[in-house]
Each structure stands twice: as C-alpha cells, then as structure tokens.
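Enquirer: Okay, sequence plus prediction incoming.
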Amino acid sequence: MKDIDLYNMTTSNKLEKVNSDHRNRKIISSFQDFIDLDLIRSIHSQEQVKDYIQNLESKIHAITDAVKDPIIIIDNDGFISFWNRAAEQMFGYKSSEIIKKDLHEIIVPERFREASKKGFQMFRHSGKGGAIGKTLELAAIRKNGEEFPVELSLSAFETNGKWQAVGTVRDITEKKKEKDAIIEREKRLLDSFESSPIGFFRTTIAGEFLYANTFLLHMLGYQNIQELQSLSNITSIFIDPKDRDIYKKILLEEGVIYDYNFRLLKKDGTEVQIIGSSRIVNDEEGNPLYFEGIMRDVTNERMKEKLNKKLLRAIEQSNASIVITDSDGIIEYVNPKFEKLTGYKNQEVIGKTPAIIKSGEMSQQTYEELWETIKAGKDWHGEFYNKKKNGELFWESAIISPIKDEFENITNFVAVKEDITEKKKILQDLISAKEKSEESDRLKSTFISQMSHEIRTPLNVVLGYLELIKDDLSDYPDLNIN
C-alpha cells in the first residue's frame, strides 16, 4: 500500500467516527417511553390490549415518520419488522411490501450477501457482532436496482430472549462525492508536492511521520518514509532543544506557526538550516487530526548571507573609495572612505550622480569613453581629477565595472577608487628632479665638449711641431730621442 493511500485511509476513518450507538439507543428509549407498564398491568380484556397496541403503534409511527433518517428493525431471523416512511422514500419499498422480508435479500448487493448473512448468524445468538455499535459505510440497493452508498448505524436489543437489531440509514451519495473530491484534491496536492522544490510533511499529533515528499526525504538524507517513521517523532531531529520547545508551544497554542527558523539533524549527522511553517488540521468536530507543514532548506542562503556580511564589512572598512550606482548612474551606495575623502555624507549623495564631485577640469570625451565602455559590459580604468565638498581638488585612480544579473543584464555599476593626489605630487617632484638632473647633465656635457675643443686645438699644434722636429732629428742618428 502506498504511503499516500495509508494516510488517506487513516484520516478518513477518523473523520467518519461518530457515536452511532447513542443515536440508536435514543430511538429505542423513545419507544420505551410510550410503554406504560402500570397501564398494561391494569388491562384485563382482549379489547383493551388491542386498543393499547394500536395506540402505541400510532405514536411510534408518528415519531419515526417525523425522523428524516430511515429506521429499520429486523427480528432474530433477519426479517424486517419495522420500516418507517423515510425508509420508504430512500429505498422505494412501501412498508406493506417489505415487512417480514429478508433484509439481506432486499437491500444488500449480491456480492456482499454471503458475508452479511454470516455476520448476522453470530449476532442472532449473542447480540454481538462487528457492526454493532458502529457506523459502517456500505453499499445498498433501491427497488429500481440502483446501487448507492449509505451509512448504517446498528444497535442491539433483546426481546423475549431473542436479539433484534435497530438501524438508522443515511444516504451519503453527496457526502461520498464530496469525500472523494476531497481525497482527489488531497492526492493532487500531494502529487504536486512530490515535484515541488519544497519539503512537505504530515505527522500525527504525537509527531510521528505520516507522509513526507521526496524533496524532504532528500533534504534530510533519508531514502523513504519508512526510515523517517523509525524516528520517535519529528522533534527528535531538532538540534536545539529551545527551537523544538518554542515550535511545539506556538503550534499547540495558536494552531499555526509561520516562517520559523530552526536547525534539523540529517541522517548523516550533519545539520540543515530550515525555515518552516506548520498548522494543525482538525476534523469536522474540531478535534485535531494531524500536523502538516512545509520546510525550506536555507543552508546555502545562510552561508551566502554570512559571506555578504563579510563582503559588506570589507567594503565598509576598505581604504578604497567605493561607489555603487544603478544602471543609469544614480548613486545607491557609498562607503565610509568616500565620505571621509570627499566630505559628502551618505545621505547627501544617494539619489544623485557622481557628477556631484566633478571638478570641470577634465574633458567631456573622457566621460563619454567611460560610459561607452561600461555600457558595453566592460571594465573601465582611468583617472579622475575631482573636487571635494570644500572645493579642494584631488586625483583618483578608478576601476569601474558593470554588475550583471543572472540574465546578463546590467543592473548596477561599481567604482573602486584610490586617492592618488599624494602619489601624483611625488611623481611630479620626481619628474621635476629628473628634468633638473637631465638639464645639469646636458650643461656638463656642453662644458666638457667646449673645454675639450679649446684644449685640443693648441695641443694639436704642439704635437704637429713635435712631429716636424722628430723628422728633422732623423738626420742625426747618433742622437737618442724618445
């Protein structure tokens, strides 16, 4: 038997439970109220007995005819001894044509007659049986052969040492249609939950699992409902006893609990973080039948939330100035570093554009190239010469990137900027020093070149003369000239 069928059968039986014995005893008691024992003792003639019986029958018929439900009495042989007007209307038989007929042959469908007669044989000897004191859902037959569903409530009474049965019958055709419709809706509901990405469950009032959809089983690491049912109850897998106690308290006191956060223990011993909602389902009389609810695994969401908090702290504590705008360039967020650097408070710039810190010293072409780049989904790298709230100018090195959603649509832009004013100054000083150094080197080279020229010219003359002297002295080989 499928889990869903077992569940439907269990809850259906609870819904149909009524005190049938009380109803039938009330009918018997009403008959007995009309029997005046003192009057019977005072009767001495046959005529008086006849009149008394006729009078009693008239009163009984008047009562039973006023009852909306059919009332049927069968004797110790299973023959019909009483058949009220409501029975006539329901089954189509007049009292005159049904009295002293075998009940089982008249209104019991053929496929059930043997079992019905067998059960009656036990009853006729002991006044006991599986149907006595209960309300049963059975099939019955009308005079025209139509089969229809009925509720039969039976009670026993003894007369002259013989057991008889009185029963009330209700046509539950419409009720059964409604019940079948409810069961069908329940089935469709549970079928829909089978393919749902949300865990769905039902438990007894004691917390024992009646049903769990596939998603919930996988969420908790179980293969089938039987594994879950081996647990003592649902609260046994709560990790924190406080979560369990609050959950039970709210549910029992208010009948419903919404979006409750708690942690459950999976089969493998790991934990899963849950957001759950539950309610108590009652029967027609307001008695609790079972709990049902949904569970959503938010473990990954909680991890993302923690990560987002870390990222937010990193942004808040960053030494870089960070600005987030929407896709139209409207500022949605600035971090504390931006506030400290520019002098503008968060509330002064939210809803405005970054143009609030433009100095006017940069070309429009720079901004046009910037927008063209980031609108195309690319990163832009560059520098800004911006102006603080107090009018002071400063340099920023910036990287501006687009933020996209799951469909690759640009939803925001984020700018990460660094104040490079001091770096710019240091660089400019270095450039100036380099230029001065280069100028000094140039002057030195020029000086040396000139001096070299001036020195080389007379020296060349001397060297020339020396060569002439050496040539002249060659005529005197005895002289040693080096």
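Expert: Structure's in. What do you need?
Enquirer: how much space is there between Asp69 and Trp83?
Expert: 13 Å (C-beta to C-beta, to the nearest Å). Any C-beta I mention is one placed from the backbone N, CA and C, and that applies to glycine too.
Enquirer: For stretch 216-236, measure first residue to last.
Expert: With C-alpha to C-alpha, to the nearest Å as the measure, stretch 216-236 spans 16 Å from end to end.
Enquirer: Now it: buried residues?
Expert: Buried residues in stretch 216-236, defined by neighbour count with 16 or more other C-beta atoms under 10 Å: 216-217, 219-220, 222, 225, 228-229, 231, 234-235.
Enquirer: Which one of these is nearest to Gly129?
Expert: Closest to Gly129 out of these is Gln229 (33.8 Å), distances taken as C-beta to C-beta.
Enquirer: quick check, Glu174 in a helix?
Expert: Yes: assigned with DSSP: H, G, I helix; E, B strand; the rest coil, Glu174 falls within a helix.
Enquirer: isn't His410 right next to Lys375, touching?
Expert: Quick fix: residue 410 is Ile, not His. Yes: using C-beta atoms under 8 Å, Ile410 is in contact with Lys375, at 7.4 Å.
Enquirer: who's more crowded, these two?
Expert: Per other C-beta atoms under 10 Å, whichever of Ile410 and Lys375 has more neighbours is Ile410, with 15 against 12.
Enquirer: Look at the residue nearest to the more buried one when sequence neighbours are not counted and say how many residues are nearby.
Expert: Nearest residue to Ile410 in three dimensions, chain neighbours excluded: Pro402, at 4.7 Å (C-beta to C-beta, 6 or more residues apart in numbering). By other C-beta under 10 Å, 20 other residues sit near Pro402.
Enquirer: For Pro402, what is the enclosing helix or strand?
Expert: According to DSSP states H and E, Pro402 maps onto strand 393-404.
Enquirer: Just the endpoints, please. Distance across stretch 115-135?
Expert: With C-alpha to C-alpha, one end of stretch 115-135 sits 17 Å from the other.
Enquirer: related to what we said a few turns ago, for the strand holding Pro402, packing partners?
Expert: Packing partners of strand 393-404 (3 or more C-beta pairs under 8 Å, 6 or more residues apart in numbering; DSSP states H and E): helix 364-375, strand 380-387, strand 410-419, helix 421-473.
Enquirer: Any idea which of these has the lowest pLDDT on average?
Expert: Lowest mean pLDDT within the helices and strands packed on strand 393-404: helix 421-473, a mean of 70.
Enquirer: Lys128 should be in a strand, yeah?
Expert: No: read with three-state DSSP, Lys128 is coil and lies in no strand.
Enquirer: picking that back up, list the residues that contact both of Ile410 and Lys375?
Expert: Common contacts of Ile410 and Lys375 (C-beta atoms under 8 Å, 6 or more residues apart in numbering): Pro402.
Enquirer: Quick check: the nearest residue to Thr173 once chain neighbours are set aside vs Ile71, distance?
Expert: The shortest distance from Thr173 to any non-neighbouring residue, by C-beta to C-beta, 6+ apart, is to Phe148 (5.3 Å). Phe148 sits at a distance of 18 Å from Ile71 (criterion: C-beta to C-beta).
Enquirer: Please identify which of those two sits among more neighbours.
Expert: More neighbours surround Ile71 than the other of Phe148 and Ile71, with 21 against 14 (other C-beta under 10 Å).
Enquirer: is that one in a bridge, and if so with what?
Expert: For Ile71, the beta-bridge partners under DSSP bridges are Thr168.
Enquirer: Over to Met295?
Expert: Per DSSP bridges, the residues bridged to Met295 are Gly199, Gly276.
Enquirer: quick thing: my sequence starts at 54, can you match it?
Expert: Happy to do that; since the first residue is 54 now, the last one works out to Met348.
Enquirer: show me the contacts for it.
Expert: Applying C-beta under 8 Å, 6+ apart, we find Met348 in contact with 251-254, 269, 272, 317, 327-329.
Enquirer: Then Asn286?
Expert: Contacts of Asn286 by C-beta under 8 Å, 6+ apart are 256, 259-261.
Enquirer: any chance of the residues you listed in a markdown table, with pLDDT too?
Expert: Output for the contacts of Asn286, formatted as a markdown table (pLDDT from 0 to 100):
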| residue | pLDDT |
| --- | --- |
| Thr256 | 92 |
| Ala259 | 88 |
| Gly260 | 89 |
| Glu261 | 92 |
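Enquirer: Just name the closest of the residues you listed to Glu345, please.
Expert: Set against Glu345, the nearest of the contacts of Asn286 by C-beta to C-beta is Thr256 (7.8 Å).
Enquirer: now that closest one: how far from Tyr264?
Expert: 8 Å.
Enquirer: the helices in the stretch 254-403 of the chain, which residues?
Expert: Applying DSSP state H, counting those that start in this stretch to the stretch 254-403 of the chain gives helices spanning 267-273, 278-282, 294-307, 352-370, 389-395, 399-402.
Enquirer: rewinding a little: more neighbours: Asp122 and Trp136, which one.
Expert: Relative neighbour count places Trp136 above the other of Asp122 and Trp136, with 24 against 19, counting by other C-beta under 10 Å.
Enquirer: Contacts only, for the more buried one.
Expert: With contacts defined as C-beta under 8 Å, 6+ apart, Trp136 is in contact with 123, 125, 146, 148, 151-152.
Enquirer: Could you check how far it is from Ala184?
Expert: Counting by C-beta to C-beta - Trp136 and Ala184 are separated by 19 Å.
Enquirer: picking up where we left off before, biggest separation within the contacts of Asn286, which pair?
Expert: Spatially, the most separated pair among those is Thr256 and Ala259, at 7.8 Å (C-beta to C-beta).
Enquirer: more neighbours, these two?
Expert: It is Thr256, of Thr256 and Ala259, that has more neighbours when counted by other C-beta under 10 Å, with 21 against 11.
Enquirer: bridging residues for the more buried one?
Expert: Phe262, Phe344.
Enquirer: Kindly report the same for Asp155.
Expert: Beta-bridge pairing for Asp155 (DSSP bridges): Phe132.
Enquirer: Show me the shaky parts of the chain.
Expert: Across the chain, residues meeting the criterion (pLDDT under 70) sit at 54-120, 246, 497, 500-535.
Enquirer: most centrally placed residue in it?
Expert: Arg349 (4.3 Å; C-alpha atoms, centre = their mean).
Enquirer: Right, I'll call it a day here.
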